[in-house]
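Asker: take this sequence and fold it.
(one chain, ligands or ions: 1)
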Amino acid sequence: MLFNSPLSPSKAHQLIQTLGLSPQQRVLDVGCGQGEFLLRLVEATGAWGLGIDLNQDAIQKAQLAAKTRTPGGSPEFRAADMQKEAWEDGTFDAALCIGSTHAFGIGDQAYPNALQAMSRLVKPSGLLLIGECYWKQPPPQEYLALLGEPSGISRTHGENVWLGQEHGLIPLYAATSNQDEWDHFEWSHISKLERQAAAHPNDPQWRKKLERGRAWRDGYLRWGRTTMGFGFYIFQKPAASE
Ligand SMILES: C[S@@+](CC[C@H](N)C(=O)[O-])C[C@H]1O[C@@H](n2cnc3c(N)ncnc32)[C@H](O)[C@@H]1O
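Answerer: All right, here's what the predicted structure looks like:
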């Protein structure tokens, strides 16, 4: 799976083009996973990138890919916890966070915290790209119980845009994951799990993981496809004089 989010290469390309970054501009990707989005952004624009993620395996894969794909030393990938990082205000020209706002806080606070922290980290006129879940319609209690509390999703697509505006940001662009992107994302996880579990037929831990994965799959089929959305939000921080 290229991205650990419901995102296709063509939508990633569209988002990168919309950001419109220039060579040498500085970009931070929080919760970058295996770094595919940042690698593509740097390949396409020549911007300087830093990707951080808690997951050491993901960061190692990102570093390996960067060695062959972007030999100039950018993007740099670092295993780090966003909660422990401290950069000066305005260090970056753009800050990205796709499917990772939980790096900024728990539950309902994750997205507003991300808006606040990321707008502080970018310069005046700097850009934010946030990938965040939203509800297409109110979720049934059974689905919420399956997701577990806090689900971290409490807004509609429009409310995700307007919250950025309430934080003093200018909404520049918004897109949503389509059904193909969602199906690819969910089924990639499920088929990987099915194959791994099949290779460990007598291992009770894998049996448990498989049970959980199949319950998740059924919840996706029953409720998720019609209920949960994923949006991509590009905001601009106002210029210094605004
Ligand atoms: C759903 S994945 C998204 C990965 C990537 N942005 C993508 O779209 O492929 C969420 C990522 O956030 C990372 N993460 C969670 N909490 C974090 C934190 N406090 N600091 C840095 N990364 C964090 C996880 O390790 C995970 O790789």
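Asker: can you list the residues of this protein near the ligand?
Answerer: Counting by Cβ under 6 Å from any ligand atom, the chain comes close to the ligand at 3-5, 31-33, 52-55, 58, 81-83, 98-100, 102-103. Every C-beta, even on glycine, is put in place using the N, C-alpha and C of the backbone.
Asker: assess the claim that A79 and G51 are in contact.
Answerer: No - using Cβ atoms under 8 Å, A79 is not in contact with G51; the gap is 10.1 Å.
Asker: check which element follows the lowest-mean-pLDDT helix or strand in the chain along the chain.
Answerer: Least confident helix or strand of the chain, by mean pLDDT, DSSP states H and E, is helix 141-147 with a mean of 94. As assigned by DSSP states H and E, the chain's next helix or strand after helix 141-147 is helix 157-166.
Asker: now do the same contact list for P139.
Answerer: By Cβ atoms under 8 Å, 6 or more residues apart in numbering, the residues touching P139 are L147, S151, I153, W223, T227, M228.
Asker: repeat the analysis, applying 6 Å as the threshold.
Answerer: T227 (Cβ atoms under 6 Å, 6 or more residues apart in numbering).
Asker: between the two ends of stretch 137-156, how far is it?
Answerer: Terminal residues of stretch 137-156 are spaced 8 Å apart (Cα to Cα, to the nearest Å).
Asker: let the chain start at 140 from now.
Answerer: OK, 140 is where the count begins now, so the last one is stretch 276-295.
Asker: list the buried ones in that stretch?
Answerer: Buried residues in stretch 276-295, defined by neighbour count with 16 or more other Cβ atoms under 10 Å: P278, Y282, L283, L285, L286, S290, G291, I292, R294, T295.
Asker: run the chain-centre distance for the least confident helix or strand of the chain.
Answerer: Mean-position distance between helix 280-286 and its chain equals 22 Å (Cα atoms, centre = their mean, to the nearest Å).
Asker: neighbouring contacts of that helix?
Answerer: With Cβ under 6 Å, 6+ apart as the test, helix 280-286 has contacts from G358, W362.
Asker: restricting to C-alpha, output the longest helix along the chain in CSV.
Answerer: Longest helix in the chain, counting residues (DSSP state H): helix 318-337. Extracted in CSV, the C-alpha atoms of helix 318-337 (Å, rounded to 0.1, in the frame of the first residue of the first chain):
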residue,chain,number,x,y,z
GLN,A,318,-15.1,5.1,-2.8
ASP,A,319,-12.3,3.5,-4.8
GLU,A,320,-9.7,5.1,-2.6
TRP,A,321,-11.6,4.0,0.6
ASP,A,322,-12.1,0.4,-0.7
HIS,A,323,-8.4,0.1,-1.7
PHE,A,324,-7.3,1.4,1.7
GLU,A,325,-9.6,-0.9,3.7
TRP,A,326,-9.2,-4.0,1.6
SER,A,327,-5.4,-3.6,1.4
HIS,A,328,-5.3,-3.8,5.2
ILE,A,329,-7.7,-6.8,5.3
SER,A,330,-6.0,-8.8,2.6
LYS,A,331,-2.6,-8.3,4.2
LEU,A,332,-3.9,-9.5,7.5
GLU,A,333,-5.7,-12.5,6.0
ARG,A,334,-2.4,-13.6,4.3
GLN,A,335,-0.3,-13.1,7.4
ALA,A,336,-2.8,-15.0,9.6
ALA,A,337,-3.0,-17.8,7.1
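Asker: quick one, phi/psi of the closest residue to E298 other than its chain neighbours?
Answerer: Closest residue in space to E298, ignoring its immediate chain neighbours: Y273 at 7.3 Å, by Cβ to Cβ, 6 or more residues apart in numbering. When read as degrees, to the nearest 10, the backbone of Y273 gives phi -150, psi 160.
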